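# fold the following, please.
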Amino acid sequence: MRIKRLAAVGSVLGLGIMMTLPGVAHADSGCAYEGSDRACFINLSGGQSDLEVCDNEADGNGVYAWFYTNYHTYSVKVGDGNGSSAGCGKLRWNHGVFQVKICEDDLGEDTCRYYL
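As a prediction, the model looks like this:
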């Protein structure tokens with residue numbers, strides 16, 4: 001009897017702990033950074049997302065980002081076409097974002113970072 005009670009209490013505690021841990025679902029929003037440059041997304045209800053890429057460094061290097069859906073089924077590339085001048089590249093996309101890769105178009109192979 002005592003073992004069954006301990007097992008039941010342990011199961012309830014384990015379930016409670018699991019419910020407080022972050023799940024594997026993707027984030028509702030997030031940003032990836034390469035230095036001061038950034039690529040951000042906000043997943044909206046209805047499966048759309050708002051995307052933004054900002055070149056915040058007056059270094060002559062362009063900035064772009066790839067936004068991916070879960071399992072990389074769909075992707076879209078967004079850049080900041082005016083360099084480090086005011087304003088950012090923006091797009092409303094008809095998919096939710098699961099992962100972002102921001103890249104700086106520097107000398108040689110582009111420098112890139114991922115946000116999961």
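
# for E34, name its beta-bridge partners.
D37 (DSSP bridges).

# if I look at it, how far off is G81?
17 Å (C-beta to C-beta, to the nearest Å). C-beta: built from backbone N, CA, C; applies to glycine.

# before we move on, what about C40?
From C40 to G81 the distance is 17 Å (C-beta to C-beta).

# close enough to count as contact, G83 and D59?
No. Counting by C-beta atoms under 8 Å, D59 is not a contact partner of G83; they are 9.3 Å apart.

# still on that earlier bit, which one of C40 and G81 is surrounded by more residues?
Per other C-beta atoms under 10 Å, whichever of C40 and G81 has more neighbours is C40, with 22 against 13.

# any stretches of the chain with poor pLDDT?
1-26 (pLDDT under 70).

# can you give me the strands for it?
29-34, 37-43, 49-54, 62-68, 75-79, 89-93, 99-105, 111-115 (DSSP state E).

# quick one: buried residues of the last one?
The one in question is strand 111-115. Neighbour counts over strand 111-115 (16 or more other C-beta atoms under 10 Å) mark R113, Y115 as buried.

# adjacent strands (with direction) for that strand?
strand 99-105 (antiparallel).

# who's in contact with the strand it pairs with?
Contacts with strand 99-105, where a contact means C-beta atoms under 8 Å, 6 or more residues apart in numbering, come from 26, 30-35, 37-41, 53, 61-68, 72, 110-116.

# now the buried members of the residues you listed.
Here, 16+ other C-beta under 10 Å leaves 26, 30, 32, 34, 37-41, 53, 61-68, 110, 113, 115 buried among the contacts of strand 99-105.

# next, the distance between the ends of stretch 71-82.
Length of stretch 71-82, first residue to last, C-alpha to C-alpha, to the nearest Å: 31 Å.

# again, but for stretch 81-99
22 Å.

# same question, stretch 77-84
End-to-end for stretch 77-84, by C-alpha to C-alpha: 18 Å.
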